[in-house]
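Peer 1: model the following, please.
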Amino acid sequence: MIPKTTKETIVLDDGREIILETGKLAKQAHGSVVVRMGDAMLLATVVSNYESSPVDFLPLTIDYREKFAAAGRYPGGFFKREARPSNDEILVMRLVDRVLRPLFPSDYHAETQVMIQLMSHDDNVMPDALAGLAASAAIQLSDIPFEYPISEVRVARINDEFIINPSREQMEQADMDIMVGASVDSVAMVEGEMNECSEEEMAEAIKFAHEAIKKQCEAQIRLAEAVGKKATREYEQEREDEAIEKKVFEAAYNKCYEVAKMGTGKHERSEAFSKIKEEVQELFSEEELEENGDLVSKYFKKTYKEAVRKLVLTEGLRLDGRKTTEVRPIWCEVDYLPSTHGSAIFTRGETQALATVTLGTSREANIIDSPTLQGEETFYLHYNFPPFSTGEARPLRGTSRREIGHGNLAQRALKGMIPEDCPYTVRVVSEVLESNGSSSMATVCSGTMALMDAGIQLKKPVSGIAMGLISDGENYAVLSDILGDEDHLGDMDFKVTGTADGITACQMDIKIKGLSYEILVSALKQAREGRLHILDKLVETISEPRESVKAHAPKIITTTIPQDYIGALIGPGGKVIQELQKETDTTIVINEVDEQGVVEILGTNQDGIDKVLKKIESLLFKPEVGSVYEVKVIKILDFGAVVEFVDAPGNEVLLHVSELDWKRTENVTDVVNLGDVIDVKYFGTDPRTKKEKVSRKALLPKPEGYVSKPRRDHNSKNNRGRDNRNRDRK
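Peer 2: So this is what the prediction gives:
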């Protein structure tokens, strides 16, 4: 029996359709939906346990996977099946998580899992833009408590026009690429990259995205109503106790306010707040703490948060004593590590990042092989966040999703400033050595300086800043260069990177409803002032890229050869290129592009690079008829000498004994000897012998009275008769 399905259609402004379908697949999940756009189809499911987890937070897992079968492809690798998620899949998971997580009730702690799978791929559809819609629609079809539907869209700007969910081909012409997550009422998340756009242009893009999202949210509501919206499940809610809350507030608020006002460092503040908490706990008996210790801790956090926010809004002061627009002290240094190709330290307050740059050939490019995208990156950035950076000791379990996300943001901030003609594959690695507020922005700053130190000719330097917002509904304060604590207690945190001329990347998480675009633009403009202040500090340290790479760094020269010559340069079994690399201490990479061979020569020794270029020149050497060339005698034969063109080693030709001199030459060594360098004239290919001909005697004056022998005509009647008689004798 074919199951009954329910569908809802969303029509985009350009006529394309997104179809939501439920009732056919994954019916044992608590909510499931198929989202289709063109031939792209995503299946989203959600399941949430009915028992609460013992942890004091929501154990939410967002999983996004692209199946290779969806694109009719096999997974790479030995096992031929999908394994760990790719970086791109992890980035999509983070985008969806950041919008969904705040909309579950704060006291809902049941294990919840949202799974989104690409089941069918369409080259004209970028499926990551549909993942948020799919996840929210699945939740709307369940009985899981959730505040209201959301969706996410991609906005691109092409020829000054905004487009919702463009194709990958369209994205190649875009100068803006942002993902926006929102509900009908409020924008919740923004992340993307831009080509030095203004704050107003960015706000316009967000507005445009929000209008499209409203339609998608309304479609989810219609779909849920069509199938019969389930009643929200009952769940065990957190205990509350007004008496305990009042007691904690009265004992702690003023003390927290005074400590916050002292403007001390991270560790001093932490100790002071811990002492206040201990004093509060002493107001309760052991029996009361055993029964309600969790409530005391919860209300203390709430009180601490309220005190810090009030200090900012009423007095304009922050935890470390700064004003709202003030950036922490900065110091920078370049060329710190002697053996790297480029390095820089950026320290801002209690946040420090050490960046290194490594230069290589196209062989070191980052290969991307996913169901929806194949290609390579010649600029990429890796971000490492070790536990000691926050004074912690914890297990190392590989690269975290947070590290992948922060590294991606920094990479997007910088990649547009790498010149198109940069011959290198460039890898930047950021080691976060201290962290108390936006190590990703410190990575952008240290990465900029390290690239300039390495001799990469950046178009413009890039800086970044993390901002915060605190609002009580009537008043608000925008905080420049936020601390880690301010990140947690604020209503919006956003990171903005850019040059002196505009924004290159951003990441925003907005925690309050109905944030006005006026406040958003105001916050972005304050961020610009902070960015420019930080940029000045970078330029003071290194004002422009070094003219060339360092002496110990590899130099790279790129040249092209005709496709027919690639085999000659490689040699049988790679013999020629391997010997050449060994002899010159270089790395040689050959790629076929547009029916040509693109040769990359990488080496630290310029003499070695020059030898390789000389070899390539010799391969491409084509002597011109009538021209005179210098040659070296490399072999003596009975009937002539083998000579090599001095300017094109490896190119040899026979100098016949008859072309040595005008007079008869009995022995070749009477005229030339091994190692002699002489001039010859090039006559091209002899039509009779089909061999190249050069002559020494053509450059000598013809002796007086010299009579050349008549050329023998093999086709004359007499010659044919003589040839026949000779054949008869045989």
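Peer 1: average pLDDT for the longest strand along the chain?
Peer 2: Ranked by number of residues, the top strand in the chain under DSSP state E is strand 40-52. The pLDDT scores in strand 40-52 average 96.
Peer 1: also stretch 635-652?
Peer 2: For stretch 635-652, mean pLDDT rounds to 87.
Peer 1: same check, this time on stretch 193-200
Peer 2: The model assigns stretch 193-200 a mean pLDDT of 94.
Peer 1: what's next to it, contact-wise?
Peer 2: The contact list for stretch 193-200, computed with CB atoms under 8 Å, 6 or more residues apart in numbering, reads 157, 175-178, 201-202, 205, 412-413, 415-416, 498-499, 501-506, 521, 524-525, 528. In this view, the C-beta of every residue, glycine as well, is placed from N, C-alpha and C.
Peer 1: how about that stretch: buried residues?
Peer 2: Neighbour counts over stretch 193-200 (16 or more other CB atoms under 10 Å) mark 193, 194, 196, 197, 198, 199 as buried.
Peer 1: in strands, which of those appear?
Peer 2: Among the buried residues of stretch 193-200, the members found in strands (DSSP E) are 193, 194, 196, 197.
Peer 1: OK, contacts around residue 399?
Peer 2: With CB under 8 Å, 6+ apart, residue 399 has these contacts: residue 384.
Peer 1: same deal with residue 365?
Peer 2: Counting by CB under 8 Å, 6+ apart, residue 365 has contacts 376, 377, 378, 425.
Peer 1: from those, pick the one nearest residue 171.
Peer 2: Nearest to residue 171 among the contacts of residue 365, counting by CB to CB, is residue 377 at 15.2 Å.
Peer 1: partners of the closest one in the sheet?
Peer 2: Counting by DSSP bridges, residue 377 is bridged to residue 366.
Peer 1: before we move on, the earlier item: could I get the contacts of residue 365 as CSV with distance to residue 293?
Peer 2: Output for the contacts of residue 365, formatted as CSV (distance: CB to CB, whole Å):
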residue, distance to residue 293
376, 55
377, 50
378, 55
425, 55
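Peer 1: most neighbours of all the residues you listed, which one?
Peer 2: residue 425 (23 neighbours; other CB atoms under 10 Å).
Peer 1: about what we covered before: could you flag which of the contacts of stretch 193-200 are buried?
Peer 2: Using 16+ other CB under 10 Å as the burial test, these include 157, 175-178, 201-202, 205, 412-413, 415-416, 498-499, 502-506, 521, 524, 528 as buried.
Peer 1: these in strands, which ones?
Peer 2: Using DSSP E, those in strands are 157, 176, 177, 178, 498, 499, 502, 503, 504, 505, 506.
Peer 1: was I right to think residue 103 contacts residue 140?
Peer 2: No: judged on CB atoms under 8 Å, residue 103 makes no contact with residue 140 at a distance of 11.2 Å.
Peer 1: and those two? Which one has more around it.
Peer 2: residue 140 (26 against 16).
Peer 1: that one against residue 22, yeah?
Peer 2: No: using CB under 8 Å, residue 140 is not in contact with residue 22, being 9.7 Å away.
Peer 1: list the residues that contact both of those two?
Peer 2: What both residue 140 and residue 22 touch, as defined by CB under 8 Å, 6+ apart, is the set residue 223.
Peer 1: which residues does the residue nearest to residue 441 when sequence neighbours are not counted bridge with?
Peer 2: Nearest residue to residue 441, sequence neighbours excluded (CB to CB, 6 or more residues apart in numbering): residue 464, at 3.6 Å. For residue 464, the beta-bridge partners are residue 497 (DSSP bridges).
Peer 1: can you map out the strands along the stretch 301-450 of the chain?
Peer 2: Along the stretch 301-450 of the chain, the stretches classed as strands by DSSP state E, counting those that start in this stretch are 330-334, 342-348, 351-360, 366-369, 374-377, 379-384, 425-434.
Peer 1: between those strands, which one is closest to residue 631.
Peer 2: strand 351-360 (39.3 Å).
Peer 1: pairing partners for that closest one, with directions?
Peer 2: Using DSSP bridges, the strands paired with strand 351-360 are strand 342-348 (antiparallel), strand 425-434 (antiparallel).
Peer 1: returning to that earlier point: kindly reformat the buried residues of stretch 193-200 as CSV containing distance to residue 41.
Peer 2: CSV is the format used below for the buried residues of stretch 193-200 (distance: CB to CB, whole Å):
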residue, distance to residue 41
193, 28
194, 31
196, 37
197, 33
198, 38
199, 38
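Peer 1: pick the most buried one from the strands of the stretch 301-450 of the chain.
Peer 2: Of these, the one with the most neighbours on average (mean count of other CB atoms under 10 Å) is strand 342-348, at a mean of 26.
Peer 1: can you tell me what sits against that strand?
Peer 2: In contact with strand 342-348 (CB under 8 Å, 6+ apart) are residues 327-337, 352-357, 434, 437, 442, 445-456, 481, 534, 538, 541-542, 550, 553.
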